[in-house]
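**Q** Structure for the following, please:
(chains A, B, C and D)
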Protein chains: 2
Amino acid sequence: MSDVTAITASPSAKKASRRSRRAQSERREETSNLILDAAEHLFAHHGRDGVTLRAIAAAAGFDTALVHYYFTDKEGVFRAVWNRRASVLNAIRNATMDSYEAEAGEALTIEGVLDVFLRPIFETMVNLGDGWIDFAAIAGATNASRYGGAQIMDEYFDPIVERFVGLLRRLSPDTPDRELYWYMHLLSGALTQSLAQTGRIDTLSGGLCRSSDLMTILDRMIATFSAGFSAVRSPI
Amino acid sequence: MSDVTAITASPSAKKASRRSRRAQSERREETSNLILDAAEHLFAHHGRDGVTLRAIAAAAGFDTALVHYYFTDKEGVFRAVWNRRASVLNAIRNATMDSYEAEAGEALTIEGVLDVFLRPIFETMVNLGDGWIDFAAIAGATNASRYGGAQIMDEYFDPIVERFVGLLRRLSPDTPDRELYWYMHLLSGALTQSLAQTGRIDTLSGGLCRSSDLMTILDRMIATFSAGFSAVRSPI
DNA sequence: GTCTATAACTGGATAGAC
DNA sequence: GTCTATCCAGTTATAGAC
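**A** Modelled structure (predicted):
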């Protein structure tokens, strides 16, 4: 198609076309993001199967046909929601991990390792705002679901988890991998329950704790799982 | 209606009617259970909103109309699935808790308290078989969901959780309640992730761990969270 | 790019026969 | 109690106009 343009268009038309194409591409991006914002919000509050394309389109202020135009089908929208956030989050987490590994050398601590693994998640959610909170809820629900949940989590988060387990291994070389993975399993459960922000602990604690209080949860996770690691760690 | 029967029916007809009524009631119970079995299995594998009444009816070998006859609507089926298991499970857990409280006296340990809280769940799932495993998956997904999840969990499990927190309080009287509830929050996350049996840890660990290996998970939960409690506990 | 219109289908629910 | 038949609302998806 670009060949055709090159042949038929005059230089000035070409320039105009290029400018309009840029504007179009920005517009495209904006529309796409509006749809994903709406979808993300709805998925977070009603679950993957509790949301219709109509509802997404209506919430975004467009027609269903447009959603099909951009994302083909509902599965496509769901994947796009994941892609948009996960690519950003993974970049942040990997960068944090890189600098920690570079600086920490052999002086690893369990607190430090948990911190480098967990803090970027919580800080991203809290600092970057609304949409991220919704995404966190989606990730939490996805991780606890049997229907495709594990597959999506694997796809997006396997590498960073492997790096984390690698650090645990360096921290406690005599602990069998199997035990490290069980520890990881428990940690991952506590993490996703926290990200899901279901409000259950709010009721249960009579208001003493709020599941929206993510930075406090981060703090308690590091404290409890640091202490918990002593059950896993090989004797020094 | 029983008045009418009493007036119009002869004694022998009355007796036959009573026998047939018993048979009917058993049949009723059986049909109802077949429907719930099918529903439970489907809910566990596709989620609450991923299942249609048609699919439930078909899997149970009946027509949709019959499902409506027994449970009114889909919500009714879902609630019935919960009721059937939760009533049994709560009875078991409370009984275990009763005898522990009676016997342990003041000699509480964190291992003991975690054991009494967790073991009945895992043993029930493992010993009582198939349907219970499906129910566990449903409970796991429900606990991590924002849409009505917290409410259902509260409704069924609040009392037993309160008893558990009460034991933690006796174990560590100077720890602020707020901290005990945060500990509970993390524990609950690890628990429901385990019950959900998503298979993620299987892939992640390259087969070293299996999420179906519930008794091993129980063991690791007690070990890790016992050690973890030292971060929460008031100094002795 | 975005919308209108519509086709084709799915799912929930009920009336009524047996 | 259980099924047949059917209705109706809601949903996905696409063709085609602008």
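**Q** alpha carbons only for contacts and neighbour counts from here, please
**A** OK.
**Q** Name the residues of the helix or strand where A:Thr142 lies that are buried.
**A** According to DSSP states H and E, A:Thr142 maps onto helix A:130-143. Buried residues in helix A:130-143, counting neighbours by 16 or more other CA atoms under 10 Å in any protein chain shown, are found at A:131-143.
**Q** what's the angle from that helix to helix B:130-143?
**A** Using axes from the mean of the first three to the mean of the last three CA atoms, to 10 degrees, the inter-axis angle of helix A:130-143 relative to helix B:130-143 is 170 degrees.
**Q** so how far is helix A:130-143 from its chain's centroid?
**A** Chain-centre distance of helix A:130-143: 7 Å, with CA atoms, centre = their mean, to the nearest Å.
**Q** same deal with stretch A:134-152?
**A** Counting by CA atoms, centre = their mean, stretch A:134-152 comes out at 10 Å from the chain centroid.
**Q** Also stretch A:160-175?
**A** Offset of stretch A:160-175 from its chain centre (CA atoms, centre = their mean): 22 Å.
**Q** what's around A:Met118, how many residues?
**A** Just so we're on the same page, residue A:118 is Leu rather than Met. Neighbourhood size, A:Leu118 [other CA atoms under 10 Å in any protein chain shown]: 18.
**Q** hang on, I meant A:Phe43
**A** Using other CA under 10 Å, A:Phe43 is surrounded by 23 other residues.
**Q** Please look at it and A:Thr52 and confirm they touch.
**A** No - the criterion here is CA atoms under 8 Å, and A:Phe43 misses it with A:Thr52 at 9.6 Å.
**Q** and the residue of chain A found nearest DNA strand C, helix, strand or coil?
**A** Residue of chain A nearest DNA strand C, by CA to the nearest atom of the strand: A:Phe62 (3.8 Å). When classified by DSSP: H, G, I helix; E, B strand; the rest coil, A:Phe62 comes out as coil.
**Q** Which strands or helices does the longest helix along chain A pack on?
**A** Taking DSSP state H as the criterion, chain A has its longest helix at helix A:11-46. Applying 3 or more CA pairs under 8 Å, 6 or more residues apart in numbering or on different chains; DSSP states H and E, one finds that helix A:11-46 contacts helix A:53-60, helix A:74-104, helix A:130-143.
**Q** Let me know which of those helices is the nearest to B:Ser172.
**A** When those are compared by CA to CA, helix A:130-143 sits nearest B:Ser172, at 30.8 Å.
**Q** and the helix or strand following the closest one, does that touch chain B?
**A** Sequence order places helix A:149-171 as the next helix or strand after helix A:130-143, per DSSP H and E. Yes - shown here: helix A:149-171 in contact with chain B (CA under 8 Å from any CA of the partner chain) through A:Gly149, A:Ala150, A:Gln151, A:Met153, A:Asp154, A:Asp158, A:Glu162.
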